Structure formats: structure tokens, C-alpha cells
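Colleague: Coordinates for the following, if possible.
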Amino acid sequence: MQVTTKAIVFSAIKYGDTSLIVKAFTASDGIKSYLLRGVLTSKKGKLKTAYFQPLTQLEIVAIHRNKGTLETLREAKVYYHYQSLYADMAKNAMTLFLAELLVNSIREEEQNEELFEFLEASFQWLDMHKDVANFHLFFMLSITKFLGFYPDVYQIDKPYFDLLEGEFVSVESLNPMLRGENIYYFKTLLGINFDDIHNVKMKKTNRQELLKSLILYFELHLQGFRKPKSLAVLNEVFNTYV
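Modeller: Numbers count the residues shown, from 1 in each chain. Model (predicted):
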């Protein structure tokens, strides 16, 4: 079936010498993987290699057979042109990290319009704003709403957060816990929106510790989730430039 839909690129992996396998989240059908034969050497085709950078927002024409195999991409064009996402070193490191996080997190091959609109708006917001040091932390927390393990805030006044149970507690247990300064920032991020993240002032060490805890939170609640390999690059860039 031929489909015209918006899509956000998650990854593009070289296949052979001339082709790419592109994984994207589509507005029409959720996660789809496409085999782009010869795209790395073609100069006249409708598919350009530059279209398939992480988190690029495309409008595509594709053939979806929906049989769990690689699909066919006929046409693609960029419908939102990022101004700073790839040019800004910190944003670019964040882009690579978040794209890898999404590949490891989202597996549904069905339409989820609300999730698509969240991703679309989030990355456009990241592109348009300058003070984005906390963006990835807030994004990770926000997307757990769609993944089914958003923190239970019923007892948010409690002094600890149990990462395994996903709830605030009064007493520490043997489970991994958030505590001290990190739980303060965690609670703060739970109570704001994107436009407020620049008001959350935290030290680099707190930001790294909270990121480490959030990755563990994903590992505990998503079967098969793998820690993004780009995490080391993100931490190095943030230590140097942010």
C-alpha cells in the first residue's frame, strides 16, 4: 500500500557499499525500516543521503507491506529545516544521544499520533532555543508517559524515589534510589514544561548523575533497552562546552 506520511529519522545504517537501512518513526504506522538501494552513489534520485541524518523531519512516499520486512521508500523531502541542531556542537551531541535512545525505546509498529506530535514539537523546540542544557533530561522524563512508566507523583513529597518501583518513598530500600540534590532536580523537572527548563540551574556533576539515573530507570522498565553508545560523547561535549 502506498502511503504519504510525515516521518522522523531515528537511524541510518550503511548496507553494503551503496545502500542504507533507515529506521524512522512515521505518523501513519509507527516504527518502519526502509532499504534504500544505491542511495549512497545516486546523484539524480529523489532520495538524498543528507535527508537521513538523525531526527530529520521528512514527508515521505513509501510502500508499506506491513509484513515485518524492510519497506520501500519512493520519495522524501524535508518539511522542517533545522537551523541549529546539526551546527551547534552541544545540540548535535544531544541529537545523536536522543536518536539512539529512541531506537532503543520505541518499537511499536502502529500509529501513535500523540507520540509523533510530541517528538515533532520537541525537536523543533530544541532547534529554536539556546539554553538547552537540561533538554535531554526533561525529554527523557516526558517520553516515559508514552512508554508506560512515567513516575508516580502521588507521594512526591517523600524524600526518596525508587527507580525500580517508579514511585516516591519514605524509606530507602535495596532498590536503586534517587536522593539528595538529585531528587530535588528530579522533582523540579517533573513539575515544569519545556519553556521552563532553563530556570533549573544545576551543576554539571548533578546533571550527569541525574542522566545516569534516568538511563538506569529506562533499563529497569524497558526490556532489552541498551545504554546509548553516544552517552560518552554527550558527557564529553557537555563537560567542555556547556
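Colleague: And stretch 214-226, what's buried?
Modeller: Within stretch 214-226, the residues scored as buried using 16 or more other C-beta atoms under 10 Å are Leu214, Ile215, Leu216, Tyr217, Phe218, Glu219, Leu220, His221, Leu222, Phe225. Where you see a C-beta, it was placed from the backbone N, CA and C, and this is true even at glycine.
Colleague: I meant to write stretch 192-210 there.
Modeller: Applying 16+ other C-beta under 10 Å to stretch 192-210 flags Phe194, Ile197, Val200, Met202, Asn206, Arg207, Gln208, Glu209, Leu210 as buried.
Colleague: End to end on that stretch, go ahead and measure it.
Modeller: End-to-end distance for stretch 192-210: 16 Å, by C-alpha to C-alpha, to the nearest Å.
Colleague: Show me what that stretch is in contact with.
Modeller: With contacts defined as C-beta atoms under 8 Å, 6 or more residues apart in numbering, stretch 192-210 is touched by 122, 125, 129, 131-135, 137-138, 178, 181-182, 185-186, 188-189, 235, 238-239, 242.
Colleague: Spatially nearest residue to Pro151 (excluding sequence neighbours)?
Modeller: Among residues not flanking Pro151 along the chain, Gly166 sits closest, at 5.7 Å (C-beta to C-beta, 6 or more residues apart in numbering).
Colleague: sorry, that was for Asn175
Modeller: Excluding its sequence neighbours, the residue lying closest to Asn175 (C-beta to C-beta, 6+ apart) is Leu164, at 4.2 Å.
Colleague: for Ile8, same thing?
Modeller: Of all residues not flanking Ile8 in the chain, Phe25 sits nearest, at 5.0 Å (C-beta to C-beta, 6+ apart).
Colleague: who does that neighbour bridge with?
Modeller: Phe25 forms beta bridges with Ile8, Ile31, as assigned by DSSP bridges.
Colleague: what's near enough to touch it?
Modeller: Ala7, Ile8, Phe10, Ile31, Lys32, Leu102, Ile106, Leu115, Phe116, Leu119.
Colleague: Output the buried residues of stretch 214-226 in a markdown table; the columns should cover distance to Phe97, secondary structure and pLDDT.
Modeller: Shown next, in a markdown table, are the buried residues of stretch 214-226 (distance: C-beta to C-beta, whole Å; DSSP: H, G, I helix; E, B strand; the rest coil; pLDDT from 0 to 100):
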| residue | distance to Phe97 | secondary structure | pLDDT |
| --- | --- | --- | --- |
| Leu214 | 12 | helix | 96 |
| Ile215 | 10 | helix | 96 |
| Leu216 | 15 | helix | 96 |
| Tyr217 | 15 | helix | 97 |
| Phe218 | 12 | helix | 97 |
| Glu219 | 15 | helix | 96 |
| Leu220 | 19 | helix | 96 |
| His221 | 19 | helix | 96 |
| Leu222 | 16 | coil | 94 |
| Phe225 | 14 | coil | 93 |
